[in-house]
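J.: What follows is a predicted structure for the sequence shown.
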Amino acid sequence: MGASPYARAMTAQPLTRRSILAQAWPIMLGQTTVPLVGLVDTAVIGWTGDAAALAGVALGTAIISFIFWAFGFLRMGMTGLTAQAHGRREQGEVDGLLLRGVAAGLGIGAVLVALQIILVPVAFALLAGGGELDSAAREFVTARFLGAPAALGFYAINGWLYGLGRTRETLALQILVNLVNGALDMLFVWQFGMGARGVGLGTAIAEWVGLVAGVVLVVRIAGPRALLGQRAGFFERAAWRRLFAVNADIMVRTIALLTLFLWLANAGARLGTVQLAANHVLMQLVSIFAFVLDGFAFTAESRVGQAVGRGSRSDLKRAIRLTGEFSVGFGLVATLAALIFGGALIDLLTTNAAVREAARAVLPLAALAAIVGVPAWLLDGVFIGATQGRALRNAAILATALYIATDLLLRPLGATGLWLALLASYVFRAGLLAIHLPRLFAGVAEAVPRT
């Protein structure tokens, strides 16, 4: 039986700078649309002039992002496993991973829907704002939970597509979800006056539309017969253990990084309202860096995974080198752009003079995040592609602990110390992951030419 069209296409794709850039640019463009879902939700409700509903959407978005992001391993783990199976030319395993990943996403999402009666009260006990704010936020969160199975299943589909290098398809799906989300938000809020609940419902429906479109897309790529042929192996215990073993480590890693950023938010709050607001403005800048530069990290996931699957140490090193060159280059450009245009962005995001002044005071440090963070973001992609979950887990835990210690040490420096500690956290993550590189290389034998 010959290889499927998608397998042949990926086998023929060379490891060149042109092919790396061709694979990365749709991810970079797609990543810039990621914040649009929250931005559209905020804008649609914000234009109604209902302050309580707007604050409720903001609070609800924070809760949903924390809960859903905790299961982001469904995207990351799927990418590495799919890329490796593809590199080994195990078409059956590639198709089996798709079925198991989507099933896992739908199953975990269904459990979240059932557990929302526990999760939502706990979340509001920790982040409650009181009165109308809580009421609006609960309406939003309850509606968003209806999309949990679709959101997590969509994670798995995206991970599978990234593993195959099908980045243009992921871009198309992301654009579709954003368009549907925006249209439904406007319909439910402006036409039907549903407020925060309408925003949450519009986003949940958009997630289901994205899942259905994703399923149709991957069935066309893999072929219905190939997927149906995996029914017998769907319940294979070893395959499920492998899927959850990799993902369990990545989940712990994600929780460790969530803890890091929660500590960062708390550190900002200690410095007062003005500095907290200034940090929030600057973190939008850092988020843009991370989202865009993730284009090369995601590409590294795919290329590294395929190299490991082929058993090619030379391809592994070349994939890291090429994605690293682009990451450093774009990181330098981003840092320079932030130093030049960062002040204008601050003015665009806030009209408060005190907040503007506080943000400008530490803008150079925020701008440095683009280049200082590059090694950490890239090595995350490398180890995700190699499915080295234990290394990712241990590095994240230790880096978070070291970051907290550094923040405590630099606390007398105020905002400067806060941002220096954040930059140091990227250095810690990169250094702790780099320690594992020799072992990663040693575990991959030199490729044997295929006939």
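T.: It's in. The model shown is predicted, which means the values in this text are computed figures rather than measured ones. Numbers count the residues shown, from 1 in each chain.
J.: Neighbours of the closest residue to residue 188 other than its chain neighbours, how many?
T.: Spatial nearest neighbour of residue 188, chain neighbours left out: residue 198 (3.1 Å); criterion: Cβ to Cβ, 6 or more residues apart in numbering. C-betas here are computed from N, CA, C, even on glycine. Burial of residue 198 is recorded as 25 neighbouring residues (other Cβ atoms under 10 Å).
J.: Residue 187 versus residue 198, what's the distance?
T.: 8 Å (Cβ to Cβ, to the nearest Å).
J.: how distant is the helix or strand hosting residue 247 from the center of its chain?
T.: Assigned by DSSP states H and E, residue 247 belongs to helix 237-270. In terms of Cα atoms, centre = their mean, to the nearest Å, the centre of helix 237-270 is set 12 Å apart from its chain centre.
J.: how far out from the middle of the chain is the very next helix or strand once past that helix?
T.: On the C-terminal side of helix 237-270, the closest following helix or strand by DSSP H and E is helix 273-310. Relative to its chain's centre, helix 273-310 lies at 8 Å (Cα atoms, centre = their mean).
J.: Next, the angle from helix 273-310 to helix 237-270.
T.: 160 degrees (axes from the mean of the first three to the mean of the last three Cα atoms, to 10 degrees).
J.: just to revisit the earlier point, in the helix holding residue 247, what counts as buried?
T.: Neighbour counts over helix 237-270 (16 or more other Cβ atoms under 10 Å) mark 239, 242-243, 246-247, 249-260, 263-264, 267-268 as buried.
J.: quick one: the residue nearest to residue 188 from residue 173, how far?
T.: Remark: distance between residue 198 and residue 173 (Cβ to Cβ) = 23 Å.
J.: what do you get for residue 439?
T.: Residue 439 is 36 Å from residue 173, by Cβ to Cβ.
J.: Of the two, which one has the most company?
T.: residue 173 (21 against 10).
J.: Is residue 141 in contact with residue 60, as I believe?
T.: Yes - the criterion here is Cβ atoms under 8 Å, and residue 141 meets it with residue 60 at 4.5 Å.
J.: Could you give the number of residues near residue 197?
T.: 22.
J.: Skipping its backbone neighbours, what lies nearest it in space?
T.: In space, and not counting its chain neighbours, residue 197 is closest to residue 139: 3.9 Å by Cβ to Cβ, 6+ apart.
J.: count of residues packed around the one you found?
T.: A count of nearby residues for residue 139, using other Cβ under 10 Å, gives 22.
J.: Then residue 377?
T.: For residue 377, using other Cβ under 10 Å, the count is 22.
J.: any idea how far residue 79 is from residue 24?
T.: Residue 79 sits 14 Å away from residue 24, going by Cβ to Cβ.
J.: Looking at these two, which one has more neighbours?
T.: It is residue 79, of residue 79 and residue 24, that has more neighbours when counted by other Cβ under 10 Å, with 28 against 25.
J.: how far is the helix or strand hosting that one from where the chain is centred?
T.: If you go by DSSP H and E, residue 79 is part of helix 73-87. Centre-to-centre, helix 73-87 and its host chain are 14 Å apart (Cα atoms, centre = their mean).
J.: Who are the contact partners of residue 402?
T.: 424-425, 428 (Cβ atoms under 8 Å, 6 or more residues apart in numbering).
J.: Mind doing that once more with 7 Å?
T.: The contact partners of residue 402, by Cβ atoms under 7 Å, 6 or more residues apart in numbering, come to residue 428.
J.: Over to residue 372?
T.: Neighbours of residue 372 in contact, by Cβ under 7 Å, 6+ apart: 423, 426-427.
J.: again, only using 6 Å
T.: Residue 372 sits next to 423, 426 when contact means Cβ atoms under 6 Å, 6 or more residues apart in numbering.
J.: With residue 316 instead?
T.: Residue 316 touches 307, 444, counting by Cβ under 6 Å, 6+ apart.
J.: change the start of the numbering to 20 and stick with it
T.: Fine by me, first position is 20 from now on; the one you just mentioned is residue 335.
J.: which SSE is it in?
T.: Residue 335 belongs to helix 332-368 when elements are defined using DSSP H and E.
J.: Pull out the buried positions in that helix.
T.: Burial within helix 332-368, assessed by neighbour count using 16+ other Cβ under 10 Å, is assigned to 332, 334-335, 337-339, 341-343, 345-347, 349-350, 353-354, 356-357, 361, 364-365, 368.
J.: for stretch 446-461, same thing?
T.: For stretch 446-461, a neighbour-count test (16+ other Cβ under 10 Å) marks 446-452, 455-456, 459 as buried.
J.: just for the protein, where's the confidence low?
T.: 20-32, 52-62, 64-75, 77-78, 145-153, 244-252, 288, 299, 368-369, 464-470 (pLDDT under 70).
J.: Find the centremost residue of it, please.
T.: Residue closest to the average C-alpha location in the chain (Cα atoms, centre = their mean): residue 91, at 6.7 Å.
J.: how about that one, phi and psi?
T.: Here is the backbone geometry of residue 91 (degrees, to the nearest 10): phi -60, psi -10.
J.: re earlier: could you point out which element follows the helix holding residue 335?
T.: For helix 332-368, the following helix or strand on the C-terminal side (DSSP H and E) is helix 372-380.
J.: now the angle between helix 292-329 and that following helix, please.
T.: Going by the same axes, to 10 degrees, helix 372-380 is angled at 40 degrees with respect to helix 292-329.
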